[in-house]
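Enquirer: Make a model of this:
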Amino acid sequence: METIITQITANVVEEILKNIEEQGISDIGKTAESLLSVLKDGALKILSAVIKETDSAVLSAKKERKIDGITVKQRNVPRTVVTSLGGLKYTRTYFQLGDGSKAYLTDQLIGIEPFERVTKELCAELVQNTATMSMQKAATVTGAPVSRQTVNNKVLSMHDVVTEISRVENTPSELHIFADEDHVHLRPRRSAIVPLVTVTEGIDMSNPKRHKTISPVHFQGYGMDNHVFVDNVVAAIYEKYDMDRVDRVYIHADGGNWIKTLGTLMPNAVFVMDGFHLEKYLKKLLRLNGAAPYSGVVRKAIRENNFEDFAGYISSISEKQDEKDKKKLHELVNYFQNNWDSIVERMNCTHCGSCTEPLISHTLSQRLSRNPLAWSKEGLGKMAMLRVFEENGGRVTAEHIRISRDKSERSKDFNALRNGLEIYSKYAKDQVRSVFGSKHDWSIFEKDHAPSAFTYGKLTGTTILLKACAKLRAV
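Expert: Got it, this is the predicted structure:
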């Protein structure tokens, strides 16, 4: 074996010297590329020789194979597996086992699964690259001789990638939660909403040219029921922080119902209207016929939390509208009235500004919706999960890769996601158990729908207890 490797190494050195002699170093980039190709080819030959030696060792162990009832079915069966070095070609022996089944024992010894055409390590690199680039570019950058369809299949077949939460040593006095949604195209001619929640400890404004969030953790909820997604996020927050030490939780959002549910599960929560959405609705209001002169007084009424004056100005504006615009005005007034407290908070707040739209743009939109893309439901679910995992500092490894899954298995996994991510659900159950104990069966609280004043969507025992935990901590 050593002789074979020594000979291959000698041939590689000889080839390197030959390349340098023929090409010189006047074009160092071209020479480096040529040498890399020689080194990769030599490494593949060494691996092939090692695998052949391993297969020979199994064949030579006749006594041990006889005891286990293992016989030779076919010798020198060829196989090619794509690795980060390129296509690895080798031969191995097909055995019949004592129980009557058949297997390539050498494949098992070197960690190659049946039907594995691309190594899991290379698949992990390909999948990781797709978080920031197209399927085709991911294959090109990696240098793997695979098609973009192969890359797409690997993304669809990977295990769920989830950010595990670790407890922080020092819990801050306030937390800021930014919540919004991205709108994505689905095939054929449909659309989907991908909710995103980012939990931070505030915004670092030490650099006046570039503010950044402090210790952000992102969560996306595509494929989950809204109440399950909210429960998952709350469980992760409680897992990371000692909420008894948090004086205020500021929730920056546009007033969506599922986002408001967060407030019922967070101690001392304060809703703050997102600045982008507030300005958008103010502009809609002030663009109506004759409304522009009221800009200053309308904003003043909001800052002073004077809804009576605000309503008076709206009444004056309404007199100048036709029936169509009166309907628009009515919808706008409903929005302001339903979110009045959070709008006043935004107009008067001294804490950090809102960055929900930039977070959506950077975390989701640049990969999911900015370009003219259309996704399958399963593809969108995997890519949204992968984007958030990558933004949270996660790296895809071989353990996240499955060789393949058929369409029915992918659909089954996607539907199972409605019940939430297993690790976050475990956080929630552990937290409830630590506060209330595990002697009671809280499933009796399960209902199809909760009272609208309590929460949004399905009401579960876990949701009830998480809300109870929030109330206890707010006392």
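Enquirer: Any idea how far apart the tips of stretch 208-228 sit?
Expert: End-to-end distance of stretch 208-228 (Cα to Cα, to the nearest Å): 38 Å.
Enquirer: Give me the buried stretch members for that stretch, please.
Expert: Under the neighbour-count criterion of 16 or more other Cβ atoms under 10 Å, stretch 208-228 has 213, 216-228 buried. For the C-beta atoms, the positions are set from N, CA and C on the backbone; glycine is no exception.
Enquirer: Can you tell me which of those residues is closest to Ile251?
Expert: Nearest to Ile251 among the buried residues of stretch 208-228, counting by Cβ to Cβ, is Phe219 at 13.5 Å.
Enquirer: give the contact list for the spatially closest residue to Gln128 that is not a sequence neighbour.
Expert: Nearest non-adjacent residue to Gln128, counting by Cβ to Cβ, 6 or more residues apart in numbering: Val396, 4.3 Å away. For Val396, the contacting residues are 124-125, 127-128, 158, 161, 386, 389, by Cβ atoms under 8 Å, 6 or more residues apart in numbering.
Enquirer: Cys349 too?
Expert: Counting by Cβ under 8 Å, 6+ apart, Cys349 touches Val272.
Enquirer: What of Thr83?
Expert: 44, 47, 119, 121-122.
Enquirer: In ChimeraX, select just the buried ones from those residues.
Expert: Buried residues among these (16+ other Cβ under 10 Å), as a ChimeraX selection:
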select :44,47,119,122
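Enquirer: Glu323: neighbour count?
Expert: 6 (other Cβ atoms under 10 Å).
Enquirer: re earlier: farthest-apart pair in the buried residues of stretch 208-228, please.
Expert: Thr213 and Asp225 (27.3 Å).
Enquirer: Show me where the chain has its strands.
Expert: With strands called from DSSP state E, the chain shows them at 71-83, 86-96, 102-103, 174-186, 190-200, 203-204, 212-213, 217-220, 248-253, 269-273.
Enquirer: could these go into CSV alongside distance to Asn289?
Expert: Below are those laid out as CSV (distance: least, Cβ to Cβ, whole Å):
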stretch, distance to Asn289
strand 71-83, 65
strand 86-96, 69
strand 102-103, 79
strand 174-186, 30
strand 190-200, 32
strand 203-204, 39
strand 212-213, 41
strand 217-220, 41
strand 248-253, 30
strand 269-273, 25
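Enquirer: returning to that earlier point: nearest to Lys63, of the buried residues of stretch 208-228?
Expert: Out of those, the member with the shortest distance to Lys63 (by Cβ to Cβ) is Gly223, at 54.5 Å.
Enquirer: Grab the nearest non-local neighbour of the closest one.
Expert: Leu417 (4.2 Å).
Enquirer: Could you check the pLDDT of that neighbour?
Expert: Residue-level confidence at Leu417 comes out at 85, pLDDT.
Enquirer: Would you agree it is in contact with Glu378?
Expert: No. Using Cβ atoms under 8 Å, Leu417 is not in contact with Glu378; the gap is 10.0 Å.
Enquirer: Any regions of the protein where pLDDT drops low?
Expert: 1, 351, 435-475 (pLDDT under 70).
Enquirer: could you measure the residue of it most remote from its centre against Ile70, distance?
Expert: In the chain, the residue that sits farthest from the middle, by Cα atoms, centre = their mean, is Lys63; the gap is 51.8 Å. The gap separating Lys63 from Ile70 is 11 Å, by Cβ to Cβ, to the nearest Å.
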